[in-house]
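# here's my sequence, what's the structure:
(one chain, ligands or ions: 1)
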Amino acid sequence: MSNLSIITSDIQRIRPCDPLLGGMPQLVQIPGLSRTWQIVSNCRYFSRNRVSIALNVFYLRWVAEFGDDDRNLLLMLNDLLIEWSTKEKTMSGYTYGGDKVENARVLGLVLSPGIIWINTDNKLNVCETSLVHELIHIGLISQSYRGDPDHEGPIYPGWSAKHTALMYSINSILYDIENNLIM
Ligand SMILES: [Zn+2]
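Numbering: from 1, shown residues only. The predicted model follows:
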């Protein structure tokens, strides 16, 4: 089986979030990916199409910068659950520079290699959230790093200034796309 045959989604048959269905949150499949889903608590934000575009732009730019010869990252992006949550979490973590911070507000987390939690924080666009940041952690995991929680800091290897720059570059591309989309 070729690695590309993992991508089997048919966009026509994937149902969007439906506010008339009643009951939130809803589990919505992301088009263009095999087994990638999101949990949303409001159908107005973070549509499946925006998230599909974000994942695809992320993958294209990651491959251009860091490669994915073994297709590990492609497989991980095709088998992912993204939870958009209005709940606030605080815990200890690290800044981009690697400084430890205690009891900090968490904007996103990679709960496991297949599960990303994102605090929506009243944001409207995917590019304003920490999704791309968490995808960089997933990219590092795909290359056998341990996700690198201290980012550019010295404790864990993986995340470099190039990763931070890539994150800003992808979010800037998404900003342009999202602000011209009506959906
Ligand atoms: Zn992080």
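# what sits against the most centrally placed residue in the chain?
Compute the mean C-alpha point of the chain, and by CA atoms, centre = their mean the closest residue is Leu131, 3.7 Å away. Leu131 makes contact with Val51, Ala54, Ile82, Gly108, Ile116, Ile118 under the criterion CB atoms under 8 Å, 6 or more residues apart in numbering. Using the backbone N, CA and C atoms, a C-beta is placed for each residue, glycine as well.
# 6 Å - rerun?
Ile118 (CB atoms under 6 Å, 6 or more residues apart in numbering).
# quick check: Val63 vs Pro31, distance?
According to CB to CB, to the nearest Å, Val63 and Pro31 sit 20 Å apart.
# quick one: the helices in this protein, in order.
All helices of the chain, identified by DSSP state H, fall at 48-66, 72-77, 131-142, 161-178.
# in terms of secondary structure, what does the shortest one contact?
Applying 3 or more CB pairs under 6 Å, 6 or more residues apart in numbering; DSSP states H and E, we find helix 72-77 packed against helix 131-142.
# how far off centre is the helix it packs on?
7 Å (CA atoms, centre = their mean, to the nearest Å).
# pull it out as CSV, backbone CA atoms only.
C-alpha atoms of helix 131-142 as CSV (Å, rounded to 0.1, in the frame of the first residue of the first chain):
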residue,chain,number,x,y,z
LEU,A,131,-2.6,25.3,16.4
VAL,A,132,0.5,25.8,14.3
HIS,A,133,2.7,26.0,17.4
GLU,A,134,1.4,22.6,18.5
LEU,A,135,1.8,21.2,14.9
ILE,A,136,5.5,22.1,15.2
HIS,A,137,5.7,19.9,18.3
ILE,A,138,4.0,17.2,16.3
GLY,A,139,6.6,17.7,13.5
LEU,A,140,9.4,17.2,16.0
ILE,A,141,7.8,14.1,17.4
SER,A,142,7.6,12.7,13.8
